[in-house]
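Undergrad: okay, here's the prediction I keep looking at, along with the sequence it came from:
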2 protein chains.
Amino acid sequence: MASENKQIHLKTRPEGEPQADHFEVITAEIPKPGDGEALCQIRYLSLDPYMRGQISGRHISGVVNPGDLLMGETVGEVVESNNSELAVGDLITFRGGWQQYALTDGSDFQPVDPRIDPPSLALGILGMPGLTAYAGLLHLGEPKEGDTLMVSASSGPVGSMVGQIGRIKGCRVIGIAGSDEKCRWCVEEAGFEACINYKTENLADAIDRHCPDGVNVYFDNVGGDTLEAVIWRLALGARVVLCGLSSQYNTAEMPPGPNPGSIIRARAIVRGLVVYDHQDKKPAMLEDVLSWLQAGDIKYREDITEGIENAPQAFARLMSGKNFGKTIVKVS
Amino acid sequence: MASENKQIHLKTRPEGEPQADHFEVITAEIPKPGDGEALCQIRYLSLDPYMRGQISGRHISGVVNPGDLLMGETVGEVVESNNSELAVGDLITFRGGWQQYALTDGSDFQPVDPRIDPPSLALGILGMPGLTAYAGLLHLGEPKEGDTLMVSASSGPVGSMVGQIGRIKGCRVIGIAGSDEKCRWCVEEAGFEACINYKTENLADAIDRHCPDGVNVYFDNVGGDTLEAVIWRLALGARVVLCGLSSQYNTAEMPPGPNPGSIIRARAIVRGLVVYDHQDKKPAMLEDVLSWLQAGDIKYREDITEGIENAPQAFARLMSGKNFGKTIVKVS
C-alpha cells in the first residue's frame, strides 16, 4: 500500500469550459478508519457532466468550492475495515471522490455485483448512467413498439443505453451526436436506425427527414438548441424526458428554453428526471441489462484515463465533448 | 325574421393588441338551407383569447385571413330546417361565427341541455371553457387533497372554474389576476384562499409568501413572465398544465420559455392541453358542474355585449385584459 493519498482539489471556479489548471493535485495522508469505518483503495472514478454544475455551485447533488476535494462516484476495494458489513477485498461503489483512498462509514455504499465485469461498468451502463437511462426511458418515456425515439448525446453512457433499450423495446431509434465517429458507432455497433451529426448537419432538416411523422419519445441530455429543434417536431402525444443540460453546463447564465406552445401543440408530456428518485429500480435494471449484455444486445464504450493525477485533463476533455464513451479514471 | 345577415369580417391583421377598426361590419344575405342543412339565428357568440391566434394565422383550430368571416362558437336557434335531427326552435351550440345567421349541415353541433340556464353558459362554464378547466385540471393536473393549486387568468371562464373545481377537490387555491377587483371576486365569490394581482405585486415574492412549500399544481393560461415565476417555485413532483398563452397572443414573435432546469429540479410533469382532445369528458363535466352550480358551490361571471356590430370592441377589450368574466356577445 502506498504511503500517501493523492487528491484532486478545485483550485478556481472555471468560467466556460473547465481546463486542467482549474484543478490541483494535493498530497494528503491516508486516513485511518475509525469505529465502524472502512478504508477503501479507489479502483475507478467516474467523471460525469453533472460535476460541472457542482463546480459552478448549482447542482442538486451538492456544491464544490475552491479548495474542496472533488466529489465523485467510485469503485473502491476495502483494504482495512472496522465495519462488520465490509470485509477486506470487498468491491463497492460509493462516493469516494477524486482521490486514491477514501473512508466509508458504511452508510452509503453498494456492493459491486460479482457478475459486473469489468467492475468499472458499475459506474457506467450497470451503474448510475445505466439506471438513468433505464428508469428514465421505461418509466418516464413510456416507449411503445414502433415509436420513433430520439436521444441526444447518443454515444454517451446514458444516451447509448437509452437508444439500445429503446431498440430492444421495438422503437425506431434516431441518435444525435457530435462527430461522425460517434454517429457511426451508434448505427453500426449500437444498432440505431440513424444518427445525426449536429455539428455538420442542419438538425431541424435532418429530424424532418428521419422522423417524417414526428418524434414520439425524446430523451434529452443536452437542452439548448437541440431541445428547441426536437420539441417543435414532436408527434401528437409525445413524451419528453428532460435528463441533462450539457449545452449549458459551461455557461454562467441560464439560457431560456422553448416556447410552451411547442408542448401545447403536441399535447406532449414533459417530465424532469433526477436519477436519485429511481434507486428502487436498480435491481430490475441490473438483471435486465446483464441479460441483454450476455445476449449481445447491448454494446458499450469506455473512455479510460490512467492515474488520478490525469483526472482534470480527462474532465476537461469530457466537458469539451471530445470524449467518446463513459469517462472513467483508472485510479489503481 | 330580419332580411339581412350582419357579419364581422377581418379587415387587416393587427400587430399587437387588436382594435375595433381591424374588423368591419358586412351586410350579407341570409343563406337558404340546402338539403340536409338547417338555418340558425345566432343567439350568443363566444369571444375567446384563442381567436387572436387565428387572426395571426397560427392557431391549431384554423386561420382567419383579411376578408374572411371571423370564426367562433355560438348558441343558435333553428329557424328553418331540412335536417331531420334539427327541429325549428331547437337550441344548439355550433361554430356559427361572428354573424346573425348561419347554416349548419348537422355534422358538427351539440344540443344545448335544457338544464343550462341561461343558454349562454353553454359557451362558458358549461361549454368549451368549462370542459377545458374540468378535463385539464382533473385529468392532466391530477390534484390531490391538500395540494396548493395555482391558476393564472383566474377570474376568466377557464381559470375561475379551475380554481373552484380545485377548491371542491380539497386544494388550497391561489389565483393570479390583473386587477384588485378580479382578485377580490376570486377570494370573496369563488372561494380561493388568495389571489395575487400581478400588476401591483412582485409575483415571485407573492408566490413565495402564499406557497412556502411550493406549488403542487399549476394551471397556466398565460405563459410568459408568469409561467417563468411559477415554474421555479414548483414543489417536488408538481404537475403543470399548459393551457393558454395569452401573454403572447398579441406578439408577432414566439418568445422563449423557461429553462428546462426548472422542470428537472422539481421532477415536474408538464402537459400540453388542447380541449378538442377531451370531448369524451363533456357528459361527465356537464353532470358535475350542473350539480355543483345547483349546490351553490360554483360562481360565475359573464361579460355580455349586446349586438353583433359591437363584437369587435368587445374582442379588443378582452385582448387588453379589461374584460371581467366570460366574454359573450348577445346577438339576438
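TA: Perfect, thanks for sending it. Numbers count the residues shown, from 1 in each chain, chains lettered A, B, ... in the order given.
Undergrad: for the residue nearest to the spatial centre of chain A, phi and psi?
TA: Among the residues of chain A, the one closest to the centroid is residue A:129, at 4.3 Å (Cα atoms, centre = their mean). Main-chain torsions, residue A:129, degrees, to the nearest 10: phi -60, psi -40.
Undergrad: from memory residue A:49 sits against residue A:246, does it?
TA: Yes - between residue A:49 and residue A:246 there is a contact at 4.8 Å, judged by Cβ atoms under 8 Å. Any C-beta I mention is one placed from the backbone N, CA and C, and that applies to glycine too.
Undergrad: ok, the residue of the stretch 201-332 of chain A found nearest chain B - contacts?
TA: Residue nearest to chain B within the stretch 201-332 of chain A: residue A:256 (3.4 Å; Cβ to the nearest Cβ). Counting by Cβ atoms under 8 Å, 6 or more residues apart in numbering or on different chains, residue A:256 touches B:256, B:257, B:258, B:259.
Undergrad: one more time with 6 Å, if that's ok
TA: By Cβ atoms under 6 Å, 6 or more residues apart in numbering or on different chains, the contact list for residue A:256 reads residue B:256.
Undergrad: quick check: phi and psi at it.
TA: phi -70, psi 170.
Undergrad: coming back round to it: and the residue nearest to the centre of chain A, how close does it get to residue B:238?
TA: 26 Å (Cβ to Cβ, to the nearest Å).
Undergrad: over to residue A:240?
TA: Distance, residue A:240 to residue B:238, by Cβ to Cβ: 16 Å.
Undergrad: is stretch A:235-248 positioned near chain B?
TA: Yes - Stretch A:235-248 is in contact with chain B by Cβ under 6 Å from any Cβ of the partner chain, via A:242, A:245.
Undergrad: gap between the least confident helix or strand in chain A by mean pLDDT and the chain center?
TA: Here the helix or strand of chain A ranked lowest by mean pLDDT, DSSP states H and E is helix A:50-56, holding a mean of 90. Offset of helix A:50-56 from its chain centre (Cα atoms, centre = their mean, to the nearest Å): 13 Å.
Undergrad: any bit of that helix sitting next to chain B?
TA: No - for helix A:50-56, no contact with chain B is found by Cβ under 6 Å from any Cβ; the gap never falls below 9.2 Å.
Undergrad: using PDB, write out every CA atom in that helix.
TA: Provided in PDB are the C-alpha atoms of helix A:50-56 (Å, rounded to 0.1, in the frame of the first residue of the first chain):
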ATOM      1  CA  TYR A  50     -23.200  16.900 -13.800                       C
ATOM      2  CA  MET A  51     -19.900  17.700 -11.900                       C
ATOM      3  CA  ARG A  52     -19.700  20.800 -14.000                       C
ATOM      4  CA  GLY A  53     -22.800  22.000 -12.100                       C
ATOM      5  CA  GLN A  54     -21.300  21.200  -8.700                       C
ATOM      6  CA  ILE A  55     -18.200  23.200  -9.600                       C
ATOM      7  CA  SER A  56     -20.400  26.100 -10.600                       C
END
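Undergrad: pairing partners for the helix or strand following it, with directions?
TA: Counting by DSSP states H and E, the next helix or strand C-terminal to helix A:50-56 is strand A:74-81. If you go by DSSP bridges, strand A:74-81 pairs up with strand A:38-46 (antiparallel), strand A:91-94 (antiparallel).
Undergrad: number of nearby residues for residue A:264?
TA: Residue A:264 has 21 neighbours, counted by other Cβ atoms under 10 Å in any protein chain shown.
Undergrad: that one: helix or strand, and which one exactly?
TA: With DSSP H and E as the test, residue A:264 turns up in helix A:261-265.
Undergrad: what does that helix contact?
TA: Residues from elsewhere that reach helix A:261-265 (Cβ under 6 Å, 6+ apart): A:231, A:232, A:270, B:242, B:245, B:272.
Undergrad: let me know the average pLDDT across that helix.
TA: pLDDT averaged over helix A:261-265 equals 96, rounded to a whole number.
Undergrad: how far out from the middle of the chain is it?
TA: Mean-position distance between helix A:261-265 and its chain equals 29 Å (Cα atoms, centre = their mean).
Undergrad: name the next helix or strand downstream of it, please.
TA: With elements assigned by DSSP H and E, the helix or strand that comes after helix A:261-265 is strand A:269-272.
Undergrad: in the next helix or strand after that following strand, what's buried?
TA: Counting by DSSP H and E, the next helix or strand C-terminal to strand A:269-272 is helix A:282-294. Buried positions in helix A:282-294, judged by neighbour count with 16 or more other Cβ atoms under 10 Å in any protein chain shown: A:282, A:285, A:286, A:288, A:289, A:290, A:292, A:293.
Undergrad: show residues contacting helix A:282-294.
TA: For helix A:282-294, the surrounding residues in contact (Cβ under 6 Å, 6+ apart) are A:115, A:126, A:130, A:131, A:134, A:298.
Undergrad: chain B contacts on chain A?
TA: With Cβ under 6 Å from any Cβ as the criterion, chain A meets chain B at residues A:223, A:242, A:245, A:254, A:256-261, A:263-264, A:267-272, A:274.
Undergrad: now do the least confident helix or strand of chain A: everything it contacts.
TA: Helix A:50-56 has contacts (Cβ under 6 Å, 6+ apart) with A:59, A:62, A:64, A:249, A:319.
Undergrad: buried ones only from those, please, as a PyMOL command.
TA: Of these, the buried ones go into a single PyMOL selection, burial set by 16+ other Cβ under 10 Å:
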select buried, chain A and resi 59+64+249+319
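Undergrad: can you show me the helices along chain A?
TA: Ranges of helices in chain A, per DSSP state H, are A:50-56, A:128-135, A:157-168, A:180-188, A:203-210, A:224-231, A:261-265, A:282-294, A:311-319.
Undergrad: now the angle from the longest one to helix A:128-135?
TA: So that's helix A:282-294. Counting by axes from the mean of the first three to the mean of the last three Cα atoms, to 10 degrees, helix A:282-294 lies at 100 degrees to helix A:128-135.
Undergrad: swap in the last one?
TA: If you take the same axes, to 10 degrees, helix A:311-319 sits at 30 degrees to helix A:128-135.
Undergrad: how about the CA coordinates for helix A:311-319, as CSV?
TA: The C-alpha coordinates for helix A:311-319 follow below in CSV (Å, rounded to 0.1, in the frame of the first residue of the first chain):
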residue,chain,number,x,y,z
ALA,A,311,-8.5,13.3,-13.9
PRO,A,312,-8.5,17.0,-14.5
GLN,A,313,-7.5,16.6,-18.2
ALA,A,314,-10.0,13.8,-18.6
PHE,A,315,-12.7,16.0,-17.2
ALA,A,316,-11.8,18.9,-19.4
ARG,A,317,-12.0,16.6,-22.4
LEU,A,318,-15.4,15.3,-21.3
MET,A,319,-16.7,18.9,-21.0
